[in-house]
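[1] sequence first, predicted coordinates after that:
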Amino acid sequence: MSVIEVSELRKSYGGRAVVDGVSFAVEEGEIFGILGPNGAGKTTTVECVEGLRVPDAGRVRVTGLDPIADHEQVTRVLGAQLQQSELQAKLTVREALELYATFYPRPADWRPLAERLGLTEKLTTRFAKLSGGQKQRLFIALALVGNPRIVVLDELTTGLDPRARRDTWQLIEDVRAGGVTVLLVTHFMEEAQRLCDRIAVIDRGRIAALDTPEGLIRRSAGATVVSFLPSAPLDERELDALPELASLAAKDGRITLSGTDATVNAVITLLARHHITAHQLRVTDATLDDAFLDLTEATA
Ligand SMILES: Nc1ncnc2c1ncn2[C@@H]1O[C@H](COP(=O)(O)OP(=O)(O)OP(=O)(O)O)[C@@H](O)[C@H]1O
């Protein structure tokens, strides 16, 4: 069942379309990622889902509700961690958690949440005195304190140190294991690859690709990279003719090519046929990083 449905969403600023016909559906219980370069329209899209911006056109539904017309009900099912938020400077962490818990009919117990996010020692600290990373963790806690069915996290781990980032990933996996659907905007490929079931790559206000992380990597032109020093010269025409070859380069005697599994198998066969040994052979998989660059360049 889809808990978020976005269809043909459009939003312009000053005559410039920043979201230009975006459609996707998020299934209950999944972690759905939105990935894209700066200014691609990610925040605008998720803020339309949250009911914080009014779309120019298109349809958005959250558990069947309209985020604008049914805003009150939507805030009960959807928890949001905002990209740039402020709280009153003098509010302590504990007061913020207690206050936010009162906004919801069935709030979570904020204590284990605070513990999980490493905020227990900061409960009496005022908001203004928190570090950037601590504020970030507090916003994640506030997004979850209402026990939402869906949580929207925009740049979840920006500003967090590596340990806090990993702890937060674990927290998100636990949150999902508890049945919560997660819509995640991220710049971190490792985060997207580790957490997301599916990812929509947004570029210039449009969806460039929507797939599982593995699917996106497979789509990238050079999903597998092979590099070796041949024991004898190879005929470049034969290399050029390899099946599904995406790129080929020769430098200082080292040959580097990318393609698919079929390309790799054909290289091995070619070498064997000519009795050539591949010294310092390296075979690596493309990463989501490569796929991202490929996909967002492709629409340039
Ligand atoms: N309220 C606004 N008024 C005018 N322009 C806006 C407004 N909000 C966003 N924009 C513009 O719309 C474009 C998309 O912005 P958005 O914040 O959605 O991108 P993003 O993909 O979230 O980027 P980032 O990764 O940098 O956060 C940007 O060029 C931005 O300058």
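    Looks like it came in fine.
[2] now the strands for the chain?
    Ranges of strands within the chain are 2-13, 16-27, 31-35, 57-62, 78-81, 150-154, 181-186, 198-203, 206-211, 224-230, 247-251, 254-259, 278-285, based on DSSP state E.
[3] got TSV for these, with distance to Leu171 too?
    From N, CA and C alone the C-beta is placed, and that goes for glycine too. Shown next, in TSV, are the strands of the chain (distance: least, Cβ to Cβ, whole Å):
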stretch	distance to Leu171
strand 2-13	20
strand 16-27	19
strand 31-35	12
strand 57-62	22
strand 78-81	12
strand 150-154	10
strand 181-186	11
strand 198-203	20
strand 206-211	25
strand 224-230	34
strand 247-251	39
strand 254-259	36
strand 278-285	28
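[4] and these as TSV, adding mean neighbour count?
    As requested, the strands of the chain are arranged in TSV below (neighbours: other Cβ atoms under 10 Å):
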stretch	mean neighbour count
strand 2-13	18
strand 16-27	18
strand 31-35	26
strand 57-62	18
strand 78-81	24
strand 150-154	24
strand 181-186	24
strand 198-203	24
strand 206-211	19
strand 224-230	19
strand 247-251	12
strand 254-259	19
strand 278-285	12
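[5] now for those, which one comes closest to Thr45?
    Minimum separation from Thr45 across those (Cβ to Cβ) falls at strand 16-27, 5.5 Å.
[6] the closest one near the ligand at all?
    Yes: remark: strand 16-27 sits within contact range of the ligand at Val18, by Cβ under 6 Å from any ligand atom.
[7] got the angle between that strand and strand 150-154?
    Counting by axes from the mean of the first three to the mean of the last three Cα atoms, to 10 degrees, strand 16-27 points 140 degrees away from the direction of strand 150-154.
[8] could you find the closest non-adjacent residue to Gly21?
    Glu8 (5.3 Å; Cβ to Cβ, 6 or more residues apart in numbering).
[9] list the contacts for that neighbour?
    Gly21, Val22, Ser23, Ala57, Gly58, Arg59 (Cβ atoms under 8 Å, 6 or more residues apart in numbering).
[10] out of the strands of the chain, which is closest to Glu98?
    Using Cβ to Cβ as the measure, strand 78-81 is the one of the strands of the chain that comes nearest Glu98, at 16.1 Å.
[11] can I get the strands of the chain in TSV with mean pLDDT?
    What follows is those, written out as TSV (pLDDT from 0 to 100):
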stretch	mean pLDDT
strand 2-13	97
strand 16-27	97
strand 31-35	96
strand 57-62	97
strand 78-81	89
strand 150-154	93
strand 181-186	94
strand 198-203	95
strand 206-211	94
strand 224-230	92
strand 247-251	90
strand 254-259	92
strand 278-285	91
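[12] Arg166 is nearest to which of those strands?
    Nearest to Arg166, of all the strands of the chain, is strand 181-186, at 14.4 Å by Cβ to Cβ.
[13] partner residues bridging the residue nearest to Arg282 when sequence neighbours are not counted?
    What sits nearest to Arg282 in space, not counting adjacent residues and going by Cβ to Cβ, 6+ apart, is Ser227, at 4.7 Å. For Ser227, the beta-bridge partners are Thr256, Arg282 (DSSP bridges).
[14] Ile255 is in contact with Ser227, correct?
    Yes: using Cβ atoms under 8 Å, Ser227 is in contact with Ile255, at 6.9 Å.
[15] burial measure for Leu239, as a count.
    Using other Cβ atoms under 10 Å, Leu239 has 18 neighbouring residues.
[16] check contacts around the nearest residue to it once chain neighbours are set aside.
    Nearest non-adjacent residue to Leu239, counting by Cβ to Cβ, 6+ apart: Leu248, 5.7 Å away. If you count contacts by Cβ under 8 Å, 6+ apart, Leu248 has them with Glu236, Leu239, Asp240, Leu242, Ile255, Thr256, Leu257.
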